[in-house]
Structure formats: C-alpha cells, structure tokens
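Q: Need coordinates for the below:
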Amino acid sequence: MSEWKSAKLGDIAEMCLGKMLDKEKNKGELQPYLANVNLRWGGFDLSNLSTMRFEESESERYGLESGDLVVCEGGEPGRCAIWRGEVPQMKIQKAIHRVRTNKNYSNEFVYYRFLLAGRSGELSKHFIGSTIKHLTGYSLKQVEFNYPPLAEQSRIAAVLSALDAKIELNNRINAELEGMAKLLYDYWFVQHDFPISAAQAAALGKPHLTGKPYRSSGCPMAYNPQLKREIPVGWLAGNILDVSKLGGGGTPSKKNLDWWNGDIPFFTPTDTTGEVFCLRTEDKITSEGLKKSATKLYTKGTLFITARGSVGRVVIISCDAAMSQSCYALMPNVGVSSGFLYFHIHALMGYLKAKSSGSVFKSIVTNDLIFSPSIVPAQDILESFGKLTSPIFSQILNNQLQNQELAQLRDWLLPMLMNGQVSPKSINHSKNV
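A: Down below sits the predicted model:
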C-alpha cells in the first residue's frame with residue numbers, strides 16, 4: 001500500500017462531454033450516439049440507439065475509441081462502462097462524459113474504482129443539484145482515488161474482469177439457450193410443426209410419418225372460429241386457465257415490523273431483471289406476515305407476471321415465494337411445463353398490453369388474463385415439449401445461480417483489492433472462474 005499514490009482524474013486522463021442534441025443547428029451525417037439510457041454499470045444497452053448529425057470535424061471530439069471509459073453526467077451520475085468498439089462511429093451525447101486515461105493508468109482499474117465509489121456513496125460529494133444530481137466536467141476532474149503502480153493496477157483489474165467476463169459469457173449462453181427453446185416453441189405451437197408421434201402416425205394410417213413435422217407433412221388442420229385460424233385437429237381454443245391456475249398477491253402492512261425482514265422471499269415488480277428466473281427478492285416477509293396478507297406462498301416453478309407499472313414482465317421463481325398485489329401468479333397444470341407457460345404468456349403479452357387499463361398507470365386485470373383467447377395443445381404434445389426443453393431451462397437456472405455466486409465473490413473482493421487490503425497475487429481465482 002506504501003506505493004499507492006493519490007491522483008485526481010483530471011491529472012491522469014483526457015475527458016470530454018458529449019454533444020448537445022439540437023436538430024435545427026446540428027449538421028453533418030446521421031450517426032449513432034450514447035445517452036444515459038444506453039449506459040449500464042459495466043456495459044451498454046444498444047437495442048434502442050438514437051442518431052444525430054455530426055460533422056466530420058467533430059469525430060475526434062465526440063467519437064469513442066475502444067478502451068474509453070464512458071461516464072454518466074446525469075441520471076445516475078458516475079455510472080460507467082468501458083467502450084470496446086461494439087458499434088462503429090459511435091458518438092456521445094451531452095449527458096455522457098468520455099474519459100481516456102494516459103498510459104500510466106489502467107482504464108479497467110479506473111472503472112472498478114468508480115464502481116466501488118458509486119456503491120459506497122463516495123462519488124456523491126462531487127454531485128451538484130438539490131433535486132436532480134449531476135456530475136459536471138469540472139467535478140469529474142476533481143474525483144480523487146489512490147492508485148498503485150500500473151502493473152499492480154492491471155493485476156487487480158484482471159482478477160475482477162475475469163469474474164465479470166465469466167458472468168457475461170453465462171449471460172450470452174443463456175440468451176442462446178432461451179432463443180433455442182423459443183424457436184422450438186414457435187416451431188411446435190405457432191407453425192404447428194411438432195414431431196408426429198408413432199400413435200398419431202398410426203391413427204392417420206401413415207406410420208412412415210413418425211417423427212416428421214405435423215403441418216408440413218400435410219396432417220389435418222381445422223379452422224377454429226374463436227382463434228380465426230387453422231389449428232391441428234384435436235387441439236382446442238381456450239384461455240390461460242386451460243394450462244395453468246391463476247393466483248393473486250397481497251402486501252403485509254408496512255406498519256407492522258414483525259411481518260417484515262423474515263425468511264420468505266417477497267416478489268414485487270422491481271425484482272425483475274430481464275432474466276428467465278428470479279433468484280432473489282429485495283424484500284422478505286415472516287410467516288406471520290404471510291398469514292396477515294392476501295398473498296400466499298407459491299412453489300418453485302410458478303410464473304410471476306407484473307400487472308401494474310411495468311406491465312407484462314414475466315419470471316419463473318426458483319424457490320418458494322410470495323408476491324405483492326401488483327402481480328399475478330400462474331401455476332402450471334399437471335403435464336404442463338414452466339417453460340411452455342413462460343413462452344405461452346409472452347405470446348399473449350401483446351394482446352394483454354393492448355387490453356391493459358388505466359389512463360396514467362397501465363395495469364392488467366384478472367379478466368384480461370381469463371378472456372385472452374389462446375390455443376390449447378394436445379396433452380401429449382405439451383408433455384413432450386416439457387421433456388425436451390426441461391434440460392435447457394435447468395441449464396439457464398444453473399448459469400444464473402453461478403452468476404450470482406460470481407457476482408458475490410466480485411463484490412466481496414472489490415473493496416479489499418481497491419484499498420490494497422488484499423493482493424491479487426494471494427488470490428487463486430482460477431478455481432472460481
């Protein structure tokens with residue numbers, strides 16, 4: 001720790017605030033730019049990029065290079081990530097700072113030091129604004145941290161980035177696994193090209209069709225007036241209650257502290273993360289709190305749907321949990337897999353959101369779910385789909401659980417490495433990555 005030296009960010013890096021968005025004054029070619037909404041801790045959401053006009057002379061000032069640290073000026077000031085050239089010609093908007101460290105400092109180390117400072121509240125002393133906080137360019141230059149020699153910075157960052165890299169790899173694998181399962185769902189229940197069973201082929205008098213795709217092989221379809229389309233013969237039109245049971249939630253009174261901080265996970269819409277499974281909840285209630293509210297304890301494999309506020313988010317719970325009145329629970333019927341129900345409710349979500357009520361805050365009501373028309377596949381097909389996709393969902397859950405452990409390890413190591421309490425040489429992180 002004796003070799004660590006204090007330095008202000010303005011003394012070790014070149015930085016620039018992004019360009020003001022002004023459609024009338026801006027000239028040049030339309031190019032993508034990063035705004036606050038695109039920046040996450042450690043990464044970027046590039047699914048909804050906007051564009052503005054940049055002149056060629058502005059490319060150097062507002063352009064990003066691989067390795068640049070991108071920092072929020074507003075929103076959540078200080079939130080940052082390292083740009084790695086994900087999109088060509090990327091620029092930054094005024095709500096974003098670009099920080100380019102000099103050769104004696106590791107951009108990875110600076111990122112993790114910012115991460116620690118953001119979590120501890122250390123950055124807040126540099127914010128201005130009584131209501132809406134900002135991190136101005138001047139304030140950013142005053143941010144001061146202790147730094148070890150460059151080689152030690154790189155070793156520390158390598159330990160933490162290896163953990164983050166494994167988390168990101170698992171996320172990519174899970175996205176591919178979910179995509180595979182979704183493709184099977186569409187193939188079977190949208191295109192109706194599920195594999196023909198031996199019994200079906202025999203009943204059709206065509207045993208040679210065993211294993212072949214149903215609709216593409218010319219198997220019988222029938223027009224259903226309720227769904228207004230053809231469906232396989234033997235399938236029905238119904239609603240979500242034909243494949244699951246519907247449950248509601250409730251919230252114990254916040255005034256009674258004995259009903260909170262227990263050991264029963266309590267799900268609310270804020271607990272959704274965009275992942276398939278919900279592993280943990282922010283709040284927990286006691287058994288007495290469970291008894292004193294309208295909610296109930298739902299078993300592992302139940303689906304929770306957010307019905308108010310952020311309408312239509314869907315998760316599968318990985319352990320027994322209760323939920324608030326802002327959600328609905330769907331419990332798969334016997335022979336129906338959570339995986340089928342997960343994609344099935346997503347397929348209905350466009351209809352449900354269109355039906356959601358409320359002029360200010362949209363919400364899904366019970367009748368929206370009950371009266372949403374949907375296909376009811378044959379039971380043997382539902383069971384076959386469950387058997388085929390169960391290993392996929394199990395792997396997704398295992399990867400999420402591993403990511404949870406890796407994140408806990410990273411968060412435990414972060415302050416000790418950044419403060420010099422632990423040396424990266426003393427960490428055999430190869431066992432954890």
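Q: From the recorded domain assignment, give the ranges for the chain.
A: For the chain, the structural domains run 5-146, 240-372, going by automatic domain parsing.
Q: Comparing the ones you listed, which yields the minimum mean pLDDT?
A: Set side by side, the domains of the chain show their lowest mean pLDDT on domain 240-372, which sits at a mean of 90.
Q: I figured residue 371 hits residue 239, correct?
A: Yes. With contact defined as CB atoms under 8 Å, residue 371 and residue 239 form a contacting pair (6.6 Å). Every residue, glycine included, has its C-beta placed from N, CA and C.
Q: okay, those two: which has more neighbours?
A: Summary of the neighbour comparison: residue 371 and residue 239, criterion other CB atoms under 10 Å, with residue 239 having more neighbours (16 against 11).
Q: who's in contact with the more buried one?
A: The contact partners of residue 239, taken as CB atoms under 8 Å, 6 or more residues apart in numbering, are 369-374.
Q: how far is the lengthiest strand in the chain from where the chain is centred?
A: Scanning the chain for the strand with the most residues, using DSSP state E, yields strand 260-267. The chain centroid and the centroid of strand 260-267 are separated by 22 Å under CA atoms, centre = their mean, to the nearest Å.
Q: Parallel or antiparallel, list what pairs with the helix or strand just after it.
A: Towards the C-terminus, the helix or strand next in line after strand 260-267, according to DSSP states H and E, is strand 277-278. Strand 277-278 pairs in its sheet with strand 314-317 (parallel), by DSSP bridges.
Q: Contacts for the strand it pairs with, please.
A: Residues outside strand 314-317 that contact it (CB under 8 Å, 6+ apart) are 265, 267, 271-272, 275-278, 298, 300-306, 338, 342, 345-346, 349, 393.
Q: re earlier: possible to save the contacts of residue 239 as TSV with secondary structure?
A: Conversion of the contacts of residue 239 to TSV gives the following (DSSP: H, G, I helix; E, B strand; the rest coil):
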residue	secondary structure
369	helix
370	helix
371	coil
372	coil
373	coil
374	strand
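Q: which stretches of the stretch 51-200 of the chain form helices?
A: Ranges of helices within the stretch 51-200 of the chain are 59-62, 107-120, 137-142, 150-185, 198-203, based on DSSP state H, counting those that start in this stretch.
Q: And the strands in the stretch 301-433 of the chain?
A: Using DSSP state E, counting those that start in this stretch, the strands of the stretch 301-433 of the chain run over residues 303-306, 314-317, 322-323, 327-332, 374-376.
Q: quick one: residue 232 and residue 242, what's the gap?
A: Here the distance between residue 232 and residue 242 works out to 15 Å (CB to CB, to the nearest Å).
Q: Give me the more crowded residue out of the two.
A: Legend: neighbour count by other CB under 10 Å for residue 232 and residue 242, higher for residue 232 (20 against 14).
Q: wait, doesn't that one sit right on residue 218?
A: No. Applying CB under 8 Å, one finds residue 232 not in contact with residue 218, separated by 11.9 Å.
Q: so what sits against both of the two?
A: Counting by CB under 8 Å, 6+ apart, nothing touches both residue 232 and residue 218.
Q: got the contact list for stretch 84-94?
A: The contact list for stretch 84-94 (CB under 8 Å, 6+ apart) reads 16-21, 31-35, 44, 46, 49, 52, 54, 58-59, 62-67, 70, 73, 83, 98.
Q: Got a quick ChimeraX command for the buried subset of those residues?
A: The buried residues among the contacts of stretch 84-94 can be selected in ChimeraX (16 or more other CB atoms under 10 Å) with this line:
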select :16,17,18,19,31,32,33,34,35,44,49,52,54,58,62,63,64,70,73,83,98
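Q: one step back: among the domains of the chain, which comes closest to residue 157?
A: The minimum distance between residue 157 and those falls on domain 5-146, with 3.5 Å, by CB to CB.
Q: Could you work out the end-to-end span of that closest one for me?
A: Distance across domain 5-146, first residue to last, is 5 Å (CA to CA, to the nearest Å).
Q: any idea how far that domain is from the chain center?
A: Here the centre of domain 5-146 is set off from its chain's centre by 22 Å, with CA atoms, centre = their mean.
Q: next one: stretch 307-325
A: Distance, stretch centre to chain centre, for stretch 307-325: 14 Å (CA atoms, centre = their mean).
Q: Can you measure across it, start residue to end residue?
A: Stretch 307-325 has an end-to-end distance of 9 Å (criterion: CA to CA).
Q: Could you list the buried residues of that stretch?
A: When neighbours are counted by 16+ other CB under 10 Å, the buried residues of stretch 307-325 are found to be 307-308, 311-318, 321-324.
Q: what does stretch 56-63 contact?
A: Taking contacts as CB under 8 Å, 6+ apart, the residues outside stretch 56-63 that touch it are 16, 18-19, 28, 33, 54, 89-92, 98.
Q: repeat that with 7 Å
A: When contacts are taken as CB atoms under 7 Å, 6 or more residues apart in numbering, the neighbours of stretch 56-63 outside the stretch itself are 16, 18-19, 28, 54, 91-92.
Q: looking at the strands of the stretch 301-433 of the chain, which is closest to residue 421?
A: strand 314-317 (36.8 Å).
Q: so residue 14 is in which element?
A: Secondary structure assigned from DSSP H and E places residue 14 in strand 13-17.
Q: Show the contacting residues for the nearest residue to residue 272 once chain neighbours are set aside.
A: On the basis of CB to CB, 6 or more residues apart in numbering, the spatially nearest residue to residue 272 that is not a chain neighbour turns out to be residue 313, at 4.2 Å. For residue 313, the contact set (CB under 7 Å, 6+ apart) comprises 269, 272, 306.
Q: between those residues, which is closest to residue 403?
A: Taking CB to CB as the measure, residue 272 is the one of those closest to residue 403, at 15.9 Å.
Q: Can you get me a residue count around that closest one?
A: As a burial measure, residue 272 scores 17 neighbours (other CB under 10 Å).
Q: quick one, what contacts it?
A: Listed by CB under 7 Å, 6+ apart, the contact partners of residue 272 are 306, 313, 315.
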